[in-house]
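Enquirer: Pasted the sequence and its predicted model underneath.
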Amino acid sequence: MEPTNDQDPNYYHRVVDCQWACPAHTNVPGYIRLIAQGRFTDAYMLNRESNVFPGILGRTCDRPCEPACRRGRVDGNPVAICRLKRVTADLKDDITDRLPTAPAEKNGKRVACIGAGPSSLTVANDLVPLGYEVVMFEQFATAGGLMRTNIPEFRLPDEILNSETQAILDMGVDIRYNTPVTSLRALRDENFDAIFVGVGAPRGKGLEIPGRHDETGPESRIHIGIDWLESVSFGHVTSIGERVLIIGVGNTAMDCCRTSLRLGGNDIKVMARRPREYFKASSWELDDAEEEGVAIVVNHAPRRFVIEDGRLVGMEFDIVEWDEGARHSTVLDTVIIPCDDVILAIGQENAFPWIERDLGLDFGEWDMPVVDETTFQSTLPGVFFGGDAAWGPKNIIWAVAHGHQAAISIDQFCHDQSLTDRPAQGMNLLSQKMGMNEWSYYNDYNPSPRQQMRHIELTERFKSLNLEVELGFTAEQTAREAQRCLNCDVETAFQSSLCIECDACIDICPVQCLTITDNGDEADLRGRLSAPSVNLDQPLFVSAPLPQTGRVMVKDENVCVHCGLCAERCPTAAWDMAEFTLQIPYASNPGVLRIAVPTQPTSDVRS
Amino acid sequence: MPSITKPLIPLAPLPKNDLGLTIRDYEGAMSTLCAGCGHDSITAAIVHAFWELSTPPHTIAKLSGIGCSSKTPTYFVRGAHGFNSAHGRMAAIATGAYAANRELTYIGISGDGDSLSIGIGHLAHAIRRNVKMVYVIENNGVYGLTKGQLSASADIGSRPKKGDANVIAPIDPILLGLAMGATFLARSFSGDKEQLIPILKAAVAHNGLALIDVISPCVTFNDHEGSTKSYRFMREHEVKEVVTDFVPLRREIQATIPTDGTRVVPMHDGSIVRFRSVPTDYDPRNRESVESYIRDHQSRGEIVTGLLYVDESSQTLHEMGHTPLEGLNRIPVSELCPGAAALDALQEDFR
């Protein structure tokens, strides 16, 4: 194999599994170390740099970081990264004077943001400090987008949501509440320098089966999940029947069933077509719903709504059996389950009725706008998309990542720079050696198990819709969980020219991830490592030829626990432990390097 | 000493041996030797060898004397028996232990100071008596614990870190062993586990004293330019013409032993040492040929490594003494010391 290029930030970045997996590349180990030092405000600000909404995401993030976490490969349970993020928000001091501010002198550019959800707010967060005038159009009387309308208060309290959205709006965003945009043509006539579309995926999918439109009463008892959650959020809906069926098992379904319990429901069933391993909901959201007494019923496919005298009285389901891989089902039986209400939570889709189709903004497959994956620009120059509006429903952290990239594009567009000439990521590597076998980080492996989130008592929980269920970590839990982090960003940095091939590092490594051997191709090398190479997704580090024998140092990155023993046992300091800091370019801080990125227009990338 | 103890990582994908143990089960305490010490690599090779042989840790006895080398038994097989004796006396203690209990696997770790200076007499007699043990000399040519004076194994012309080059002839433990009638002689290099591990395994299988001289660079006092026991010198002057494999006694592997020109030496316990490559004028079972081969290379400044001499026909201390097959420690005292009447009867025989 060719020697690994450790001048490329991607090599070190990839070792930090959580940061690599996070769409916004949050410096997770960095903020966890700050937590361990009790520097909660600093930890919060480090989060905010990349993910903008630490308090919100610390409660609601889809956590792509956690399945990726190295700790999961070491003891089976990832670090509770999301919960620790919430700790920073819970314990931070006043941050007002550390937030970015708008300069007194504006740059004369006007940008319209449609929608006041996470992607638009991120665009504003990045552009206002540069002197842009950002005008934000929001259809409702409050900001936050789906973070407000679709996530119930018992998961995300209003005060957290308000403080983090307001922090951005207070920089000087010209927000126009209760102002839905009904025509892109009309908006373009207002002479904005750029327009950002962050309207989300606002339309809940329906279920067209017999009985759907047979109700004759003044109010339908068949609800669309996201619309119903929105109505609850704004106080338009305050009760529901005792027996509720939720159709679908995504995270929206979990919010619907738990909200139902708080509005008078006491017999709640979530109806799933397929077996549990195919559920879309996050496992922890399923656990939380089941803890509250929600029944999850598998292998039931909706057949018809049962309507008697114009009134919903139940639903009929096929009881099905699935083949291997759950591709084909056989109907075993049918059953009618009586109910008072049905909530449909089977997905959501985009809708752009307000974009005229003759503006030059192309729509592709699925009636989705054609958006470039790198620049976030549509085919109409100056009109950018991000968040769920770009490629369909994803989640908040993706919307934030999109917002940062779109802001870079908008800034370049407004300054007549090429959009494909992107600012490049940089890195900093800083030795953590403080003395003889002494490091600036705590390098020992802590065998503590993952800390369990404390919940408010079940007997208390349903008294009010806005009683937050999760209580956060205690000080002891925080300390223990922070020590579970393996500090993957404190990385093994190897200088082949110094190595005398004494084998000390190989002998001391607790996971046998190092090997000195003759070079070969990857498959060959993987077959000759000290410990079996079981994870082909994790790369090998291969050094330049070693001075004495010409062999190479190979490191299997899979389960290195970053204990630093290799560096401690190295007599020549060929190994060092160096903190890797990814320098992420933002519109407000683009860095110095720029690389040309080919454009990849797509219209059918769906999560 | 490292800042932390080598942690146990629960899911590290470590293979298990026939006893269901991972290599981590054959480790010991954290080494307090200098970072990069050759001795630590030898320790790791010993850990590997015993793990691969699936030797039950409680059937191993580790013995040592005084010196950097003699600290190392603490760093391997924490479940084994151990005895850290006085300077140079490891061979004597091992002889006594083996006399009392022949059922354990004995491994003595010594250094060039412990075995070639103060303890050379004990080493010579342990070889003569053919005590069944693995005898490792961790040979770095200096007295490391006392700050790097030249030892009895330092080559003529080798320069210490400070001061003049050595002028006194060295003692070569392999040539000493040949003269004393040793039955298993090997030389290796701490930086070459591929060679050292099979040699250690063969040594465990050997029926008698297996002497292994391992060149083990002292990174602190003897790894500089001008040293003949540095990592670089060894890599430039080592001659590995004798390449050996060790094939343990296992039916499924026996079927794959080649019958071509490779020389195969069956060991006492049924396992096999296979010489994959030996020079044509060389016979590892002929004492004279081995000695001239080593001397030839020495005169050219080369260090021959590998399993150099093996004689499986010899008898151990117990075989020569016709002692019982079980350890003396298992024999009831009444039988072991049958009393004055039995002694009188025995002495009557000699009149």
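Expert: Great, that's in hand.

Enquirer: Is the strand or helix carrying B:Val204 positioned near chain A?
Expert: Applying DSSP states H and E as the criterion places B:Val204 in helix B:193-205. Yes - using CB under 8 Å from any CB of the partner chain as the criterion, contacts between helix B:193-205 and chain A involve B:Lys193. For the C-beta atoms, the positions are set from N, CA and C on the backbone; glycine is no exception.

Enquirer: Strands along the stretch 401-550 of chain A, start to end?
Expert: A:421-423, A:426-431, A:433-435, A:438-439, A:490-494, A:514-517, A:540-542 (DSSP state E, counting those that start in this stretch).

Enquirer: Could you list the low-confidence segments of the chain?
Expert: No chain was given, so I picked chain A. Within chain A, the stretches with pLDDT under 70 are A:591-607.

Enquirer: actually chain B
Expert: Confidence mapping of chain B against pLDDT under 70 gives the ranges B:12-13, B:249-262.

Enquirer: 80 instead, please
Expert: Applying pLDDT under 80 to chain B flags residues B:11-14, B:241-243, B:247-265, B:268-270, B:274-281.

Enquirer: In the stretch 51-200 of chain A, which residue sits closest to chain B?
Expert: Nearest residue of the stretch 51-200 of chain A to chain B: A:Asp75, at 4.9 Å (CB to the nearest CB).

Enquirer: Now the closest residue to chain A within chain B: phi and psi?
Expert: For chain B, the residue positioned closest to chain A under CB to the nearest CB is B:Gly36, at a distance of 2.7 Å. The phi and psi torsions at B:Gly36 (degrees, to the nearest 10) take the values phi 90, psi 0.

Enquirer: if we can go back for a sec, helices and strands around the helix holding B:Val204, which ones?
Expert: Contacts of helix B:193-205 with other secondary structure elements, assessed using 3 or more CB pairs under 8 Å, 6 or more residues apart in numbering or on different chains; DSSP states H and E, are made with helix B:38-53, strand B:133-139, strand B:184-189, strand B:209-215, strand B:243-247, strand B:306-310.

Enquirer: The fifth one and chain A in contact?
Expert: Right, the one you point to is strand B:243-247. No - remark: strand B:243-247 sits outside contact range of chain A, by CB under 8 Å from any CB, the gap being at least 15.7 Å.

Enquirer: now that strand against helix B:38-53, angle please.
Expert: In this structure, strand B:243-247 runs at an angle of 40 degrees to helix B:38-53, with axes from the mean of the first three to the mean of the last three CA atoms, to 10 degrees as the basis.

Enquirer: try the fourth one
Expert: For strand B:209-215 against helix B:38-53, the angle between stretch directions is 140 degrees (the same axes, to 10 degrees).

Enquirer: and strand B:209-215, how far out from the chain's middle?
Expert: A distance of 4 Å separates the C-alpha centroid of strand B:209-215 from that of its chain, computed with CA atoms, centre = their mean, to the nearest Å.

Enquirer: and the residue in the stretch 451-600 of chain A that chain B sits nearest to, what is it in contact with?
Expert: Of all residues in the stretch 451-600 of chain A, the one sitting closest to chain B is A:Pro571 (2.7 Å; CB to the nearest CB). With contacts taken as CB atoms under 8 Å, 6 or more residues apart in numbering or on different chains, A:Pro571 has the following neighbours: A:500, A:502, A:504, B:34-36, B:219.

Enquirer: Among the residues you listed, which one lies nearest to B:Leu185?
Expert: Among the contacts of A:Pro571, A:Cys502 lies closest to B:Leu185 (CB to CB), at 25.3 Å.

Enquirer: Quick one: residues contacting the nearest residue to that closest one once chain neighbours are set aside.
Expert: For A:Cys502, the nearest residue in space outside its immediate sequence neighbours is B:Gly36; the separation is 4.5 Å by CB to CB, 6 or more residues apart in numbering or on different chains. Contacts of B:Gly36 were listed using CB under 8 Å, 6+ apart, and they are A:500, A:502, A:504, A:569-572, B:219, B:223.

Enquirer: Save those as a markdown table, and put in distance to B:Asp40 too.
Expert: As requested, these are exported to a markdown table (distance: CB to CB, whole Å):
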| residue | distance to B:Asp40 |
| --- | --- |
| A:Ile500 | 13 |
| A:Cys502 | 8 |
| A:Ala504 | 6 |
| A:Arg569 | 7 |
| A:Cys570 | 12 |
| A:Pro571 | 10 |
| A:Thr572 | 15 |
| B:Val219 | 10 |
| B:Asp223 | 14 |
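
Enquirer: of all the residues you listed, which two lie farthest apart?
Expert: Spanning the widest gap among those are A:Arg569 and B:Asp223, at 14.9 Å by CB to CB.

Enquirer: what are the ranges of the helices in the stretch 301-450 of chain A?
Expert: Along the stretch 301-450 of chain A, the segments classed as helices by DSSP state H, counting those that start in this stretch run A:388-391, A:396-414.

Enquirer: now these as JSON lines including distance to A:Ile160?
Expert: What follows is these, written out as JSON lines (distance: least, CB to CB, whole Å):
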{"stretch": "helix A:388-391", "distance to A:Ile160": "21"}
{"stretch": "helix A:396-414", "distance to A:Ile160": "13"}
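
Enquirer: Any idea which of those gets closest to chain B?
Expert: helix A:396-414 (27.4 Å).

Enquirer: Need the CA coordinates for that closest one. PDB is fine.
Expert: In PDB, the C-alpha atoms belonging to helix A:396-414 read as follows (Å, rounded to 0.1, in the frame of the first residue of the first chain):
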ATOM      1  CA  ILE A 396     -32.200  19.000  12.200                       C
ATOM      2  CA  ILE A 397     -28.500  18.400  12.200                       C
ATOM      3  CA  TRP A 398     -28.500  17.900   8.400                       C
ATOM      4  CA  ALA A 399     -30.500  21.200   8.000                       C
ATOM      5  CA  VAL A 400     -27.800  23.000  10.100                       C
ATOM      6  CA  ALA A 401     -25.000  21.400   7.900                       C
ATOM      7  CA  HIS A 402     -26.900  22.500   4.800                       C
ATOM      8  CA  GLY A 403     -27.400  26.000   6.200                       C
ATOM      9  CA  HIS A 404     -23.600  26.400   6.700                       C
ATOM     10  CA  GLN A 405     -22.800  25.300   3.200                       C
ATOM     11  CA  ALA A 406     -25.600  27.400   1.600                       C
ATOM     12  CA  ALA A 407     -24.300  30.500   3.500                       C
ATOM     13  CA  ILE A 408     -20.900  30.000   2.000                       C
ATOM     14  CA  SER A 409     -22.400  29.700  -1.500                       C
ATOM     15  CA  ILE A 410     -24.600  32.800  -0.900                       C
ATOM     16  CA  ASP A 411     -21.600  34.800   0.300                       C
ATOM     17  CA  GLN A 412     -19.600  33.800  -2.800                       C
ATOM     18  CA  PHE A 413     -22.600  34.400  -5.100                       C
ATOM     19  CA  CYS A 414     -23.000  37.900  -3.700                       C
END
